[in-house]
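> Quick check, what structure comes out for this input:
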Amino acid sequence: MAKQIDIYLLPGLDGTGRLFAPFIEKAPPWANPIVLAYEANDLRTYEELARWVVEQIGDNRDVLLLGESFSGPIAIKAASQLGCGVLGVILSATFVENSMLPLRLAPAWSVKAALHLARSRLASELVLTNFSDPKLADAVLDAVATPTIETLASRVAEIRRVDVLRELQALSCPILYLKAKHDRLVPPAASRRIAALRPDAEIIELPAPHMILQTQAEQAWAAIDDFVARATVVPEKRPDN
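Residues are numbered from 1 along each chain as shown. Next up, the predicted model:
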């Protein structure tokens, strides 16, 4: 049996990694998804989380990093530290700087109040938009309720001051950006910024809400499969050594 490619999945703001389940279920034979979840009371910065991700990967090489939403900057930072050991970076509905104007201008107290509201049905409506899926909506609410408010506030604070432009430009590996056509959280300016900094990055727009991987798993994997095929030789097609 041909060797699989390890693809490390870095989760959104909830940090649980549980929301990757629908995406993992559709994984192609060559992919070995590995979820790196964060603790419910994890107050680490982007820099600290990136170092932790690098530690988890260790000496593993020829891997893929996928950063969803909150974790896009972590994937970029970790890939920059791992260097040639990374085959490619996949960014899903994410950002490299704070391009969300309301979040950038909002005072800290209002952000914390909004996080309490995020534990309501509003959370699933924002990330799922008009893609009705009661089971997934419940999963979103459960995931968002897992981390403490302090943890969520700490992660939002990281988003407010994030800037991984230098790391993005320095990456030597191929980059794929999955853009959600109906995203209510990450604006189109986020993908435009990445395209401007890295003209070689592949930008694929899918008819999905913020949660691309959960609502359009097959289409997302198809885009990733094509990306990997161009970035390297997929395992099934590699000659035996």
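> Near Pro187, how many residues? Count them for me, please.
Neighbour count of Pro187, defined by other CB atoms under 10 Å: 14. Bear in mind the C-beta positions are built from the backbone N, C-alpha and C, glycine included.
> Can you spell out which helices and strands pack onto the longest helix belonging to the chain?
Ordering each helix of the chain by length in residues (DSSP state H) puts helix 217-231 first. On a contact count with 3 or more CB pairs under 8 Å, 6 or more residues apart in numbering; DSSP states H and E, helix 217-231 meets helix 21-25, strand 63-68, strand 86-92, strand 175-180, strand 202-206.
> can you redo the ones you listed as TSV with distance to Ala195?
Putting the helices and strands packed on helix 217-231 into TSV (distance: least, CB to CB, whole Å) gives the following:
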stretch	distance to Ala195
helix 21-25	24
strand 63-68	17
strand 86-92	11
strand 175-180	8
strand 202-206	6
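> quick one, what contacts the closest residue to Ala217 other than its chain neighbours?
In space, and not counting its chain neighbours, Ala217 is closest to Lys26: 4.1 Å by CB to CB, 6 or more residues apart in numbering. By CB atoms under 8 Å, 6 or more residues apart in numbering, the residues touching Lys26 are Ala217, Glu218, Trp221.
> quick one: the nearest residue to the second one once chain neighbours are set aside from Ile204, how far?
Nearest in space to Glu218, with sequence neighbours left out and distances taken as CB to CB, 6+ apart, is Lys26 at 5.3 Å. Here the criterion is CB to CB, to the nearest Å. By it, Lys26 lies 16 Å from Ile204.
> just Leu19 next, same as before
20 Å.
> Grab the most central residue of this protein for me.
Glu68 (1.2 Å; CA atoms, centre = their mean).
> Wait, that one touches Tyr8, no?
No. If you go by CB atoms under 8 Å, Glu68 and Tyr8 don't touch, sitting 11.3 Å apart.
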